[in-house]
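In: can you look at this prediction? I've put the sequence above it.
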Amino acid sequence: MERNRDMKTRIILFITILLSVLSSCKDADELQNVIYFTGTENSPVLKMSIEEPTDLGVSVRASSITENDINITVSVNESLIEKYNKENGTNYKALAADVYSLSSTDLQIKAGKFVSEPVKLSIKTLDSFTDEDIYCVPIEIKNVQGGDFPVLEASRVMYLVINRTIITKAADLSGNYFKVDFDNKDLGKGDLSAVDALTMEARIYVDRFQTSSPYISTIIGLEENFLLRIGDVTIDNSQLQLAGGGYPVTSVNRLSANVWTHIAVTYDGSMIRLYINGELESYVEAPRGPINLTGLDADRKFYIGQTPLYGRYLYGKISEARVWTRALTKEEIQNGICAVSPASEGLLAYWKFNSAKSETELNIIPDLTGNGYHAKGVRNVSWVEGVRCP
């Protein structure tokens, strides 16, 4: 009797588990039957850089093969850009109506298929594109008819994020370096001996890393105060590091030679964060107090490409460098890798290393902000042509 009762209990338990599993599978199947934009499985944002007028294909997909024709209506909804910017800390711009066109707003997934034929989004001209702006075309699924495939809400809107590829010159740092007079109180922002928040950025190309002790390649900043550099005796000669001020931060990943790389460091008064190509690498709590951009003494001033006190040259090239009196967010760093507006909030100095200040000042890179913090080279600049970003 006891044995029969145990067997009956096991059968009931087995049936209960089986029904639970079947129910879960049914729920999973129902969740999988959805419609979404092709390419938005992991993110609704699709980014691209273009150099000329371009046609882009836009299609929708079903998560499984359909039994009936499914008709989908889409439309461009520029009103979503402002909402997206507020939620994500971006500053995307709408494209003017005459710059682009959508070949159709109607798509169809035919029975027995799972993807529609694409419609064509045409970027007809780049004349109104600026280097510093990034543009967005939000395309929204408005209506679905036929079949039992609801819209996957996370992919109801596809944000096509478009910028123009910048082709420019860059400065060769091999044998050259630049000084910036942040100690000149008659310029721009006056006294910069106690800056509460700071961001430094540079886009560099390393030809080779230092191979002799202390294995340091200087990028930008102030020696023994707030300096972005590569390598040291205690780290690899290709690791990025923020040094000085008592709170060093070192990247987890190594930099690569012979490739353009954007690096950045931010300080918000309590935390130092290090970025490579817009991705957070390392951080440290750093209640160090204000930063003195004017330098600690005559030798430890603000330099780009070396430190006069020790040398430690950067053998490579530079196309872009900026200093801000606020800590940029990750999104701001990512969106500004190639260019920003010289009028951006908190932008203290901005150097695009693509031209000299004048024909008689061939060693000076102008500060585009108008604050007057020009970068003065130890010698006239040698240029590298055909640099692309991104």
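Out: Looks like it arrived, so ask away.

In: and Y315, bridged to which residues?
Out: R208 (DSSP bridges).

In: show the residue spans covered by the helices in the stretch 51-200 of the chain.
Out: For the stretch 51-200 of the chain, applying DSSP state H, counting those that start in this stretch gives helices covering 80-88.

In: residue ranges with poor pLDDT in it?
Out: Applying pLDDT under 70 to the stretch 51-200 of the chain flags no residue at all.

In: V60: what's it in contact with?
Out: Going by CB atoms under 8 Å, 6 or more residues apart in numbering, V60 touches 35-38, 72, 74, 107, 109, 115-116, 141. Just so you know, the C-beta spots here come from the backbone N, C-alpha and C atoms, and that holds for glycine as well.

In: what's the ChimeraX line that selects buried ones from the residues you listed?
Out: Buried members of these, defined by 16 or more other CB atoms under 10 Å, are picked up in ChimeraX with:
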select :35,36,37,38,72,74,107,109,116,141
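
In: not counting sequence-adjacent ones, nearest residue to the spatially most central residue of the chain?
Out: Central residue of the chain (CA atoms, centre = their mean): Q334, 1.8 Å from the mean position. Ranked by CB to CB, 6 or more residues apart in numbering and with sequence neighbours excluded, the top spatial neighbour of Q334 is G278, at 3.6 Å.

In: which residues touch that neighbour?
Out: Contacts here follow CB under 8 Å, 6+ apart; on that basis G278 touches 262, 264, 330, 333-334, 337.

In: list the residues that contact the nearest residue to K352 once chain neighbours are set aside.
Out: Among residues not flanking K352 along the chain, E320 sits closest, at 6.0 Å (CB to CB, 6+ apart). Going by CB under 8 Å, 6+ apart, E320 touches 201-203, 262, 338-339, 351-353, 389.

In: pretty sure E320 sits in a strand.
Out: Yes: assessed by DSSP: H, G, I helix; E, B strand; the rest coil, E320 belongs to a strand.

In: what helix or strand is R388 on?
Out: Per DSSP states H and E, R388 falls inside strand 383-389.

In: helices or strands up against that strand?
Out: Other helices and strands packing on strand 383-389, by 3 or more CB pairs under 8 Å, 6 or more residues apart in numbering; DSSP states H and E, are strand 166-172, strand 315-324.

In: export the ones you listed to a markdown table and tack on distance to Y303?
Out: A markdown table is the format used below for those (distance: least, CB to CB, whole Å):
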| stretch | distance to Y303 |
| --- | --- |
| strand 166-172 | 14 |
| strand 315-324 | 11 |
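
In: right, so those: which one is the most enclosed?
Out: Mean neighbour count (mean count of other CB atoms under 10 Å) peaks for strand 315-324 among the helices and strands packed on strand 383-389, with a mean of 24.

In: which non-adjacent residue is nearest I134?
Out: Per CB to CB, 6+ apart, closest to I134 is N163, 4.7 Å.

In: what about the one you found, neighbour count?
Out: Residues near N163, counting by other CB atoms under 10 Å, number 25.

In: quick one: it from K185, how far?
Out: 38 Å (CB to CB, to the nearest Å).

In: quick check: closest non-adjacent residue to V180.
Out: Nearest to V180 is F302, by CB to CB, 6+ apart, at 4.5 Å.

In: so what pairs up with the one you found in the strands?
Out: The partner residues for F302, given DSSP bridges, come to V180, L222.

In: shouldn't it be in contact with G221?
Out: Yes: between F302 and G221 there is a contact at 6.7 Å, judged by CB atoms under 8 Å.

In: surely D172 touches S382?
Out: Yes: if you go by CB under 8 Å, D172 and S382 touch, sitting 4.2 Å apart.

In: which strand residues bridge A202?
Out: Counting by DSSP bridges, A202 is bridged to I263, A321.

In: what's the burial count for it?
Out: Neighbours of A202 (other CB under 10 Å): 24.

In: same deal with the one 5 residues further on?
Out: The number of residues packed near D207 is 13, by other CB under 10 Å.

In: list the contacts of it.
Out: Applying CB under 8 Å, 6+ apart, the residues near D207 are 174, 257-258, 315-317.

In: please redo it, this time with the cut-off set to 10 Å
Out: 172-174, 257-258, 314-317 (CB atoms under 10 Å, 6 or more residues apart in numbering).

In: between the residues you listed, which is nearest A62?
Out: A62 has its nearest neighbour among these in N258, at 44.1 Å by CB to CB.

In: my read is that that closest one contacts I204, right?
Out: No: counting by CB atoms under 10 Å, N258 stays clear of I204, with 11.6 Å between them.

In: mutual contacts of the two, please.
Out: G316.

In: what about these two, which has more around it?
Out: Just comparing N258 and I204: by other CB under 10 Å the higher neighbour count belongs to I204, 26 against 9.
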